[in-house]
Structures are given as structure tokens and as C-alpha cells.
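Need a 3D model of the following:
(2 chains)
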Amino acid sequence: EAQVTQNPRYLITVTGKKLTVTCSQNMNHEYMSWYRQDPGLGLRQIYYSMNVEVTDKGDVPEGYKVSRKEKRNFPLILESPSPNQTSLYFCASSLRGRNTEAFFGQGTRLTVV
Amino acid sequence: AQSVAQPEDQVNVAEGNPLTVKCTYSVSGNPYLFWYVQYPNRGLQFLLKYITGDNLVKGSYGFEAEFNKSQTSFHLKKPSALVSDSALYFCAVRDNEYGNKLVFGAGTILRVKS
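Residues are numbered from 1 along each chain as shown, chains lettered A, B, ... in the order given. Now for the predicted structure:
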């Protein structure tokens, strides 16, 4: 089954404790992205990757890191989480081209206390 | 810069009645428009997209959307709402400068009452 898999689904952590949210897709998509969803703001792009070893900042990259060492994986790293990073996070992947739809993971609800 | 507006935070409709969820967009160049649905505790699911061609686009679960270039709108519609359609709906547009990015509206909660 074609899918984007994120882990964990839920995470509660303390301020400053490094964490990684994993994302994997099995559709051989070139493009992968991370979004955060906040009430009233919709989804905003954090980082994206156009292919292996090619990543770039989205609209809200501060406090986040990513890497793309393999085509299928695109982890999101929070080196020193802060409470303002409490949010719902989604990983997405798509084929190359503006007319292609993105496939989203199930989401990771992160709480930073 | 590309942007999307969903003017209604919430839409309430009775089961069996037609529903409309509104979306307007601002984009430079040709618009590539999408609708996604989010059920509680689930990811976003793709419903339909407008790329080019017919202004009425048909998608999943009986939904359709009408593209109107002069009004820069892409409203989501369904002829007969179901209680199971209750969810959060997002309109999105592809950023024509950064082809990968989707720019989302704030979302509209649809509540269908029996």
C-alpha cells in the first residue's frame, strides 16, 4: 500500500531535549516536505527536499533541522525544542511537478513542556 | 506571493442538503488548486485538484469543485451531504515559484447534522 509513515504519532517532551520525528515513504517520490498545523493558520511548510541531499527552508524553519540521506526517508530534528514548537506535524511526499498531489502521513502531535 | 483564503471557519448543513465550502486564491501564473480533507486524528487525504481544462472537477467521495477564474475561486461542493462528511477541509494552491510547496488556507470545519 502506498503510504507515508511518521513516527511517533504522539510525543510529550521537555524543553531542550533533542528529538527526531521520522518520516518514510514507499512511493519513490522525489519531493518530501514537513508542515506544521496550528489552529487558524492551516499548514505551513517547515522544510522541503527536492531529492537526496537537497534540502531547503520553507516558511517556518527556525528551530528545526532535516536531512535526506536516502530517497525514502526525511526525518525532522528538533535540537532544542521549545514550547512554541508544540504543534501537529505532517510529513508529505509527491512526484515532481506542480500538478501532482501530495500524500500526507498520519501526523505527529508534539507537546513541549 | 501565493495565498488562499477560506472565509468560513465553520459550515453547518443538514444531512441530505447540498454543501459548499468556499475558497478563494491569489496566485501569479496558472493556478494549481487542491482540496484535502482531515478526519479527527488522521492525516490529510486528497480529494481533488484543478490543473487545467473543465471548470468542474470531480473527486473522491462524491465531492466536486468549481473553478472560477474571474472570481479566483475554487469552491468545494457536494449535492447531498452525509454525516460522515463532517471533517476539516483545506484548500491549497501550488506555489508557482517553489513548485513543491503547497500554500494552505486556514481550514473550514464542516458539520453535517442528521
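
Get me the contact residues on chain A for chain B.
By C-beta under 8 Å from any C-beta of the partner chain, the residues of chain A that approach chain B are A:4, A:31, A:33, A:35, A:40-45, A:48, A:50, A:58-59, A:90, A:92, A:94, A:97-99, A:101-107. For glycine as for every other residue, the C-beta is placed from the backbone atoms N, C-alpha and C.

Need the buried ones from these selected in ChimeraX.
A single ChimeraX command selects the buried members of the residues of chain A next to chain B (16 or more other C-beta atoms under 10 Å in any protein chain shown):
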select /A:4,31,33,35,42,43,44,45,48,50,58,59,90,92,94,98,101,102,103,104,105,106,107
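
Just the residues of chain A next to chain B: which are in strands?
A:4, A:31, A:33, A:35, A:42-45, A:48, A:50, A:90, A:92, A:94, A:103-104 (DSSP state E).

Need the pLDDT of residue B:1.
Looking at residue B:1, its pLDDT reads 78.

er, residue B:82 I mean
97.

What's the local residue count around residue 1?
Reading this off chain A. Residues lying near residue A:1 (other C-beta atoms under 10 Å in any protein chain shown) number 3.

meant chain B actually
9.

now residue B:67
Residue B:67 has 20 nearby residues by other C-beta under 10 Å.

now do the one 3 residues further on
For residue B:70, the number of neighbouring residues by other C-beta under 10 Å comes to 5.

Is residue B:42 in contact with residue A:106, as I believe?
Yes. Using C-beta atoms under 8 Å, residue B:42 is in contact with residue A:106, at 6.4 Å.

Now do the shared contacts for the two.
Counting by C-beta atoms under 8 Å, 6 or more residues apart in numbering or on different chains, residue B:42 and residue A:106 have no contacts in common.

wait, isn't residue B:34 in contact with residue B:91?
Yes. Contact status for residue B:34 versus residue B:91: in contact at 7.3 Å, counting by C-beta under 8 Å.

Now chain B against chain A: closest residue?
At 3.8 Å from chain A, residue B:104 is the closest residue in chain B, using C-beta to the nearest C-beta.
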